[in-house]
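Asker: Kindly return the folded structure for what I paste below:
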Amino acid sequence: MGKVLGDVLGLAAGVAISPLPIIAIILILATPRGRLNGLLFTVGWILALSALGAVMLAIASPAGASAQNQPATWVGALKVALGVFLLLFGARLWHRRPKDPSQAQLPKWMSAIDRLTPLKVFGLGLALAALNAKNAPLTIAAGAAIGSAGLPVGEQIASLAIFVLVATLGLLAPLGVFLLGGERAKTTLGNWKDWAAQHNVAVMAVLFFVLGLKLLGDGIGILTS
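Answerer: Presented below is the predicted three-dimensional model:
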């Protein structure tokens, strides 16, 4: 289990460092129902990552994806494909990044966050976790790594739970500041939002490159072992 956690914690950190979801929850916390909506957004995020990871655990179960405690060939091929996808997407982001960070613009849907119902906020959390071009591939890769490692079911579930917890730290940090930070919370969260908005594209592009290279290397290692 320790080796598996070593493989997936880096992927979990990559999910946690997600500027747009972090900006989204900061904006949500600033709405009149910020406490409720912030919790619903976080719960949606956690459920989406858990469900996506669980699907991969079911597909990459020890009996079907591991031979002599080694990942099957298809797991290596999957990681190579996900790595190539992340590298290509990272190159596209880097090419399209604003030359002046102060000119960066947030997606138009963020302007409507204060008008979202609690149910839609919950759905937004689901979508930003499971349908995100970075988070979905990383969660799929983590689920495949855990499921193909030949671990007992209990350790698989525990490993996935740890992955999801670490992957949620990016949201738990602003939520914790909001709930516990008192009067200074608004200023702190505002500064975080401004920084994330300005550097979102550059941060994401670098993450795509680094994590894409990791998955590509892991996949090639499995295919050539």
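Asker: number of nearby residues for residue 191?
Answerer: When neighbours are defined as other Cβ atoms under 10 Å, residue 191 has 11 of them. For glycine as for every other residue, the C-beta is placed from the backbone atoms N, C-alpha and C.
Asker: Before we go further, residue 149 is sitting in a helix, right?
Answerer: No: counting by DSSP: H, G, I helix; E, B strand; the rest coil, residue 149 is not part of a helix but coil.
Asker: burial of the closest residue to it other than its chain neighbours, as a residue count?
Answerer: Using Cβ to Cβ, 6 or more residues apart in numbering and skipping residues adjacent in sequence, the residue nearest residue 149 is residue 4, 4.7 Å away. Neighbour count of residue 4, defined by other Cβ under 10 Å: 23.
Asker: what residues does the host helix or strand of residue 4 touch?
Answerer: Here residue 4, judged by DSSP states H and E, is contained in helix 2-16. Identification of contacts with helix 2-16 by Cβ atoms under 8 Å, 6 or more residues apart in numbering yields 49, 129, 134-135, 138-139, 141-142, 145-146, 149, 151, 155, 159, 162-170, 207, 210-211, 214, 218.
Asker: Let's see which of those residues end up in helices.
Answerer: With helices taken from DSSP state H, the overlap with these comprises 49, 129, 135, 138-139, 141-142, 145-146, 155, 159, 162-167, 169-170, 207, 210-211, 214, 218.
Asker: just the buried members of the residues you listed?
Answerer: Among the ones in helices among the contacts of helix 2-16, the ones that count as buried by 16 or more other Cβ atoms under 10 Å are 49, 129, 135, 138-139, 141-142, 145-146, 159, 162-164, 166-167, 170, 207, 211, 214, 218.
Asker: circling back to that earlier point, report the angle between the axes of the helix holding residue 4 and helix 135-147?
Answerer: 170 degrees (axes from the mean of the first three to the mean of the last three Cα atoms, to 10 degrees).
Asker: where does the chain dip in pLDDT?
Answerer: Residue ranges of the chain with pLDDT under 70: 62-71, 100-104.
Asker: Try it again at 80.
Answerer: 1-3, 60-75, 96-109, 111, 149-150, 182-183, 196-200, 222, 225 (pLDDT under 80).
Asker: Check the burial of residue 84 by counting its neighbours.
Answerer: The number of residues near residue 84, taken as other Cβ under 10 Å, comes to 14.
Asker: thinking again about what came up before, state the distance from the residue nearest to residue 149 to residue 158.
Answerer: Distance, residue 4 to residue 158, using Cβ to Cβ, to the nearest Å: 10 Å.
Asker: Equivalent analysis for residue 57, please.
Answerer: For residue 57 relative to residue 158 (Cβ to Cβ), the value is 12 Å.
Asker: neighbour count winner among the two?
Answerer: residue 57 (23 against 16).
Asker: how close does that one sit to residue 216?
Answerer: 23 Å.
Asker: for residue 170, same thing?
Answerer: 24 Å.
Asker: How about residue 134?
Answerer: 15 Å.
Asker: Please apply the same query to residue 189.
Answerer: For residue 189 relative to residue 216 (Cβ to Cβ), the value is 36 Å.
Asker: Same check on residue 81?
Answerer: 9 Å.
Asker: The two: which is more packed in?
Answerer: Counted by other Cβ under 10 Å, residue 81 and residue 216 do not tie: residue 216 has more neighbours, with 19 against 15.
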